[in-house]
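Colleague: here is a sequence together with a model predicted from it:
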Protein chains: 2
Amino acid sequence: MLPLEHIILIDKKSSIAVYKQIAFAIINTIQNGILKPGIHLPGSREMAAILNVHRKTVIASYDELEAQGWITVYPRKFVMVAEKLPLLQPKKWNENELGHSYDNDLKINFRVIDKSSSVEKETVEMIIDDGHPDIRLSPIDELLKTYRSLTSRKLSIKNSNTGTTQGTVRLREELVKFLSDTRGLNISAENILITHGAQMSIYLAAQLLLNKQSTIIVGKPNYPVANETFTETGAQLIEVAVDEEGIDTDQIEQLCKKKKINAVYVIPHHHYPTTVTLSVERRMKLLELSNIHSFVIIEDDYDYDYHYASSPYLPLASAHHQGNVIYIGSFSKLLDPSLRIGFMVAPQNFIAQCTALRKMIDVGGDGYMQNALAELIKTGELKRHLKKAKKIYHHRRDFLNDLLQSQLSEYSLFTLPNGGMAVWLTLKKEFSVKQLQNTHLLKIIRTDEESNAFRLGFASMNEQEMEVTIDLLHHLLKKQ
Amino acid sequence: MLPLEHIILIDKKSSIAVYKQIAFAIINTIQNGILKPGIHLPGSREMAAILNVHRKTVIASYDELEAQGWITVYPRKFVMVAEKLPLLQPKKWNENELGHSYDNDLKINFRVIDKSSSVEKETVEMIIDDGHPDIRLSPIDELLKTYRSLTSRKLSIKNSNTGTTQGTVRLREELVKFLSDTRGLNISAENILITHGAQMSIYLAAQLLLNKQSTIIVGKPNYPVANETFTETGAQLIEVAVDEEGIDTDQIEQLCKKKKINAVYVIPHHHYPTTVTLSVERRMKLLELSNIHSFVIIEDDYDYDYHYASSPYLPLASAHHQGNVIYIGSFSKLLDPSLRIGFMVAPQNFIAQCTALRKMIDVGGDGYMQNALAELIKTGELKRHLKKAKKIYHHRRDFLNDLLQSQLSEYSLFTLPNGGMAVWLTLKKEFSVKQLQNTHLLKIIRTDEESNAFRLGFASMNEQEMEVTIDLLHHLLKKQ
């Protein structure tokens, strides 16, 4: 007989009931090929003695194993491993291996997306984000209050589970009004897909528009995750310089004359990472080129709502453009990065196909949260929040401006952005962004080694926090 | 001069400020090529008269337009459309077209995922779901209470925004314990990816494992969205019969001998849609085949926790399997379909690549909600809920059994499932599932015309609701 007392190890401190531990261990031993079909197991009395547990515990294990078909119990005769199990190759016994199901890597071939990728560890350092909102200002409480009241309304229960692939009708209808009011978009609810954040809109558009034969133009520098997403489709990526007026449309025109361009990805409002705003002339030029050369403009307008110099520029999508503009927005920047709700605005036929793909990806979003957000828009709560937050962020931008002028002008250069939630800080060439990152005191979310620059998100910090951050930067740069 | 009073239409009831309406209209008119660069606009006094608004309103509009670079104001001289705008082709004036940006379909080529797809409309009929939980039983209040307390903790703010692509460490660590306890899985937090529901795990696995050269085996019938997701990668799909013991492993063995099989997708516990459970012999056989022929088993265990006959069968993933099993689970079926949190368990190298792809798709999940769920697991609230819900669903299954026996036995056949949240009801051949669907009284989420059967989700209905539903079915079938 096998030394069952060494195979069936019981941990009385475990939260798993002892009878289950015994059953799991026996199943594993059968699966490992050690206990073969037809082999007899000790009776419950004997097993109880071997394992030093109560007999009733063993009986419970055996009941469980029998119900699952692993053993056959002949009362008052014997207990045996069921005859009908197919036999696995017996393996050399290794106690440590028992049940450790995922010690190995997956040996079977699969696609590698990112060679540098490994599982994530939690970070503990001071973080400079790339332009997050200050969620301490956000009306999360109002949102959750509505969420709770919606989940407890019995009538809404059945409907809440349907129709969320494209987004709930309520949220899409509120968005029609909100986007008309704030962005001059004249659309209907059928032109909207609610996504799980702006990135999902980029992914969906990329998957539908691009393939190995396609070419897409992006800014240089650009939002790196967008570049990865486009490259992933096999499409060719062409980078076009971004200067103080935004992406260089003359260069785009030259490229269009040379080869077929399928799409141009732009961030016209506070370009990521450089924060520049695309000028009116270039906006017009881009629309004109899109029309002549039949390419799609993917307009990523992730932080439209925070513009301090004047009202924000109207999006390209608000112009008369033959429906060639795929417009992308998000509520993560308005309320909370954790609130994963964004949207895409596009012609109906495109929205329908994005919805079909989105269904495969994750079925749909959280209908209650979408309706709670709709309520926040409808009651005007969102606008009040935007107004308040805009004022505070404006003030924080100016406060940061003073700090940077007085404390970091020896080390760095920047152009004060017209809006948005971050400053693009370029280090003078004697200093190194890479070295800034190589400290345990600080984690900067978005750096660009080629430009020797980084995003300094200010919206999430109050004055005191900004002072501490700039002090730390000053300290680190002085040492370089 | 253009008939500006017909172009600039002001809606005084609109929530958009009048000065903004004027500015938007002028911008659109410039973009439409109607107001050309260099053209003079009426002075503010004259424009106020034309539009019948206060002069200050026009001045506010002009200030806005000038700040954005659309016009140039020469005080006391004239106002003109800025010279530097590139000229679009003038279009025939059509008042209705003004600003209707998405009237057209997208004319540029893109990939069509689903030809039958169109934008969604809200449904109002009685719905028979395919096995949803009854969210009236779910501890949503506890979850939201924790969510609120987490969002208001200032310390957690910075960290909440990072590390959520793979899922928060807290939730993954709680899951390690939960999955060990309930499923005999012995894994570490690095083996877990938190996804946006079970479907996202299927999508990620499909994208990484399959391509045009691959072959995947699935059950017939199968969860249709999984089939679509696999087909979308270009892989060949081979269907293998599902009988009362689950998918036919002998047939899988024959196929493996004939050609290279890359993956097998199984739903071993309460197969979707048929509700059968994969027998122990076939489980062993499948693991053996995976080992010999080096294919990945994608184990979709979406409603593991509701098994009434005995404890649930341990998943394939708990066996000793060389790490070939990708295990997929979800909390949507435990708590609420709107709560989009699921998980994948797999070898670390595979999890790392899934995480990299997931980052492109939607950056990450809602960290607060994940941590709130972790708290629900830690405090034992989830287990208490499962225990309560299991008892109630068990009772509902038996209640439905009686109703079906007494009222629908003339029309239909079924095998009472050992667990899960739905019954697979097959209509006798004189009756038609298709016809049942063609009524405005009823919407059945999952039907299978080939089998002339449908999923009758019972978990979400109390006794009275089941009676009403069966009455309606009886009524509709009697008329056929």
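Modeller: Everything's here; your move.
Colleague: so how far is B:Lys388 from the residue of the stretch 351-480 of chain A found nearest chain B?
Modeller: Proximity of the stretch 351-480 of chain A to chain B (Cβ to the nearest Cβ) peaks at A:Ala356, 3.7 Å away. Using the backbone N, CA and C atoms, a C-beta is placed for each residue, glycine as well. As for A:Ala356, its distance to B:Lys388 is 38 Å (criterion: Cβ to Cβ, to the nearest Å).
Colleague: CA atoms of the helix or strand where A:Gln207 lies as PDB?
Modeller: Secondary structure assignment for A:Gln207, by DSSP states H and E: helix A:198-209. What follows is helix A:198-209, C-alpha atoms only, in PDB (Å, rounded to 0.1, in the frame of the first residue of the first chain):
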ATOM      1  CA  ALA A 198     -10.500  55.600 -24.800                       C
ATOM      2  CA  GLN A 199      -7.900  52.900 -25.400                       C
ATOM      3  CA  MET A 200     -10.700  50.400 -26.300                       C
ATOM      4  CA  SER A 201     -11.900  52.800 -29.000                       C
ATOM      5  CA  ILE A 202      -8.300  53.000 -30.400                       C
ATOM      6  CA  TYR A 203      -8.100  49.200 -30.300                       C
ATOM      7  CA  LEU A 204     -11.400  48.600 -32.000                       C
ATOM      8  CA  ALA A 205     -10.700  51.200 -34.700                       C
ATOM      9  CA  ALA A 206      -7.300  49.700 -35.400                       C
ATOM     10  CA  GLN A 207      -8.600  46.200 -35.600                       C
ATOM     11  CA  LEU A 208     -11.300  47.200 -38.100                       C
ATOM     12  CA  LEU A 209      -9.300  49.700 -40.200                       C
END
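Colleague: near chain B at all, that helix?
Modeller: Yes - contact of helix A:198-209 with chain B (Cβ under 8 Å from any Cβ of the partner chain) involves A:Gln199, A:Met200, A:Tyr203, A:Gln207, A:Leu208, A:Leu209.
Colleague: hang on, the last one packs against A:Tyr265?
Modeller: Going back to what we said before, that points to A:Leu209. No - counting by Cβ atoms under 8 Å, A:Leu209 does not reach A:Tyr265; the two are 10.1 Å apart.
Colleague: and for these two, which residues touch both?
Modeller: Shared contacts of A:Leu209 and A:Tyr265, defined by Cβ atoms under 8 Å, 6 or more residues apart in numbering or on different chains, comprise A:Ile216, A:Ile298.
Colleague: shaky segments in the stretch 201-350 of chain A?
Modeller: The stretch 201-350 of chain A contains residues with pLDDT under 70 at A:310-312, A:320.
Colleague: for it, which segments count as strands?
Modeller: For the stretch 201-350 of chain A, strands defined by DSSP state E, counting those that start in this stretch occupy the ranges A:215-220, A:236-243, A:246-247, A:263-266, A:296-300, A:325-330, A:342-345.
Colleague: do the stretch 351-480 of chain A as well
Modeller: Using DSSP E, counting those that start in this stretch, the strands of the stretch 351-480 of chain A run over A:412-413, A:422-427, A:442-444, A:447-448, A:453-457.
Colleague: ranking those by burial, who's on top?
Modeller: Mean neighbour count (mean count of other Cβ atoms under 10 Å in any protein chain shown) peaks for strand A:453-457 among the strands of the stretch 351-480 of chain A, with a mean of 24.
Colleague: tally of neighbours for A:Leu185?
Modeller: By other Cβ atoms under 10 Å in any protein chain shown, the residues close to A:Leu185 number 24.
Colleague: OK, contacts around the closest residue to A:Ala309 other than its chain neighbours?
Modeller: Nearest residue to A:Ala309, sequence neighbours excluded (Cβ to Cβ, 6 or more residues apart in numbering or on different chains): A:Asn418, at 4.1 Å. Contacts for A:Asn418 (Cβ under 8 Å, 6+ apart) come out as A:His270, A:Thr277, A:His307, A:Tyr308, A:Ala309.
Colleague: and the residue nearest to A:Ile238 when sequence neighbours are not counted, how many neighbours?
Modeller: Spatially, and ignoring its direct neighbours in sequence, A:Ile238 is nearest to A:Ile217 (5.0 Å; Cβ to Cβ, 6+ apart). Using other Cβ under 10 Å, A:Ile217 is surrounded by 24 other residues.
Colleague: wait, A:Ile217 touches A:Ala263, no?
Modeller: Yes - contact criterion Cβ under 8 Å: A:Ile217 and A:Ala263 qualify, at 7.4 Å.
Colleague: now do the contacts for the nearest residue to A:Met461 once chain neighbours are set aside.
Modeller: Nearest non-adjacent residue to A:Met461, counting by Cβ to Cβ, 6+ apart: A:Thr469, 6.5 Å away. Counting by Cβ under 8 Å, 6+ apart, A:Thr469 touches A:Met126, A:Ile128, A:Leu456, A:Met461.
Colleague: excluding its backbone neighbours, what's nearest A:Leu403?
Modeller: A:Leu403 sits nearest to A:Ile470 (Cβ to Cβ, 6+ apart), 4.7 Å away.
Colleague: what sits against A:Gly342?
Modeller: A:194-201, A:328-332.
Colleague: disregarding residues adjacent in the polypeptide, which is nearest to A:Arg397?
Modeller: Spatial nearest neighbour of A:Arg397, chain neighbours left out: A:Phe458 (6.0 Å); criterion: Cβ to Cβ, 6+ apart.
Colleague: what pLDDT does the one you found get?
Modeller: Looking at A:Phe458, its pLDDT stands at 94.
Colleague: backbone torsions only: list them for A:Asp248.
Modeller: Note on A:Asp248: backbone dihedrals following degrees, to the nearest 10 are phi -80, psi 100.
Colleague: list the contacts for it?
Modeller: Shown in contact with A:Asp248 (Cβ under 8 Å, 6+ apart): A:Val240, A:Ala241, A:Val242, A:Arg282.
Colleague: the last one and A:Ile326, how far apart?
Modeller: From A:Arg282 across to A:Ile326, the span is 18 Å (Cβ to Cβ).
Colleague: out of those two, which sits in the more crowded spot?
Modeller: A:Ile326 (28 against 21).
Colleague: any idea how far that one lies from A:Ile192?
Modeller: On the measure of Cβ to Cβ, A:Ile326 and A:Ile192 end up 12 Å apart.
Colleague: common neighbours of these two, please.
Modeller: Taking Cβ under 8 Å, 6+ apart as the criterion, A:Ile326 and A:Ile192 both touch A:Met344, A:Val345.
Colleague: what is the neighbour count of whichever residue of the stretch 51-200 of chain A sits closest to chain B?
Modeller: As assessed by Cβ to the nearest Cβ, chain B sits closest to A:Ala67 within the stretch 51-200 of chain A, at 3.3 Å. For A:Ala67, the count of nearby residues is 15 (other Cβ under 10 Å).
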